[in-house]
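> Sequence and computational prediction follow.
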Amino acid sequence: MTHLRKLMLEELERRNYSQSTVRAYVRTIEDFARYFKRAPDQLGPEQIREYQAYLFRERKLAPNTVNQEHAVERSGSRIDEQGHLMTLYATGLQRAELARLKISDIDSERMVIHVKDGKGRKDRDVMLSPKLLEELRAFWRGLRRRPKVWLFPGNRWNTGETPIDTKVIWHACRQAAKRAGLGLEIHPHTLRHCFATHLLEAGADLRTIQILLGHRDLEETTIYLHLSKLHLSATASPWMR
């Protein structure tokens with residue numbers, strides 16, 4: 001069994017798909033690769049579009065079937081998206097900060113992530129939750145080639161010698177929102193807003209959130225008071241004390 005096939009089967013199992021669905025996914029990937037006589041990780045968007053045209057033109061498949069095939073072909077790249085987006089939400093990082101994270105920035109002993117030369121050209125630490133650490137380790141184990149420097153290497157299968165491009169993070173966020181059926185404009189900074197707002201609603205003070213976000217001025221952070229209606233409604237009036 002190839003590493004790529006093993007990775008795909010593990011991901012399908014993690015999503016709790018039925019055996020019949022798993023077999024259908026594997027068969028579709030095999031057909032896709034056989035059509036071009038190349039390994040799936042060597043195929044990209046151009047080949048997907050060409051294969052879709054072939055399915056419509058030659059095999060006369062219905063649009064719903066072709067869409068399903070297209071979703072299966074892209075499933076490999078979705079494996080990578082989860083680690084990127086979960087890290088954004090769990091840390092409140094900007095996408096440029098996320099892209100430049102190095103393996104050495106993950107401090108599992110202190111349970112913090114070191115953000116170097118971040119917002120405002122300053123270094124800072126953010127929390128590393130046990131759940132995020134577990135996901136990052138799973139992401140690491142699933143890589144075809146273990147990176148030496150960057151936590152999220154570039155290239156389609158995270159095998160590059162340079163960090164991931166920030167545009168990839170942006171597109172991954174938009175695609176995830178689309179698949180979730182969200183009609184709103186969702187982008188990486190939205191996850192940063194959610195991180196701060198949910199911290200505030202959980203009882204964190206503005207000064208702590210300011211430090212975690214890397215804001216130079218506390219005034220930048222006060223926007224989350226307006227975003228958090230729950231926090232506002234939960235604050236008792238001095239008249240009631």
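Everything's here; your move. Residues are numbered from 1 along each chain as shown.
> what is the mean pLDDT for stretch 85-94?
Mean pLDDT, computed over stretch 85-94, is 93.
> Give me the contact list for it.
Outside stretch 85-94, the residues within contact range by CB atoms under 8 Å, 6 or more residues apart in numbering are 95, 98, 101, 113, 115, 118-119, 126-129, 131-132, 135-136, 169, 172-173, 176, 188-189, 191-192, 194-196, 199, 212-213. To be clear about C-beta, it is placed using only N, CA and C from the backbone, and glycine gets the same treatment.
> which ones among those are found in strands?
Judged by DSSP state E, these include 113, 115, 126, 127 as members of strands.
> Mind picking the two most distant members of these?
115 and 127 (11.3 Å; CB to CB).
> Those two: who's more crowded?
Between residue 115 and residue 127, counting by other CB atoms under 10 Å, residue 115 is the more crowded of the two (23 against 14).
> correct me, but that one touches residue 125?
Yes - contact criterion CB atoms under 8 Å: residue 115 and residue 125 qualify, at 7.1 Å.
> In the record's domain split, what are the boundaries for this structure?
3-73, 79-231 (automatic domain parsing).
> Tell me where the chain has strands.
Counting by DSSP E, the strands of the chain are 106-107, 112-115, 124-127.
> Quick one: residues contacting the residue nearest to residue 188 when sequence neighbours are not counted.
With sequence-adjacent residues excluded and distances taken as CB to CB, 6 or more residues apart in numbering, residue 188 is closest to residue 95, at 4.1 Å. Residue 95 sits next to 88, 166, 169, 170, 188, 189 when contact means CB under 8 Å, 6+ apart.
> Give the burial count for the second one, as a bare number.
It refers to residue 166. Neighbours around residue 166, by other CB under 10 Å: 16.
> wait, isn't it in contact with residue 100?
No - the pair residue 166 and residue 100 fails to qualify as a contact (CB under 8 Å) at a distance of 9.3 Å.
> rewinding a little: which residues do residue 115 and residue 127 both contact?
Contacts common to residue 115 and residue 127, judged by CB under 8 Å, 6+ apart, are absent.
> what about the residue lying closest to residue 39 once chain neighbours are set aside, neighbour count?
Distances taken as CB to CB, 6+ apart place residue 33 nearest to residue 39, at 6.2 Å, with adjacent residues excluded. Neighbourhood size, residue 33 [other CB under 10 Å]: 18.
> swap in residue 31?
15.
> what do you get for residue 8?
There are 21 residues near residue 8, going by other CB under 10 Å.
> What pLDDT does the model give it?
74.
> Hmm, residue 33 and it touching each other?
No - Residue 8 lies out of contact with residue 33 (CB under 8 Å); the separation is 11.7 Å.
> wait, isn't residue 143 in contact with residue 158?
Yes - using CB under 8 Å, residue 143 is in contact with residue 158, at 5.6 Å.
> Which of those two has more residues huddled nearby?
More neighbours surround residue 158 than the other of residue 143 and residue 158, with 22 against 18 (other CB under 10 Å).
> What's the per-residue pLDDT of that one here?
pLDDT, residue 158: 71.
> Good, wrapping up.
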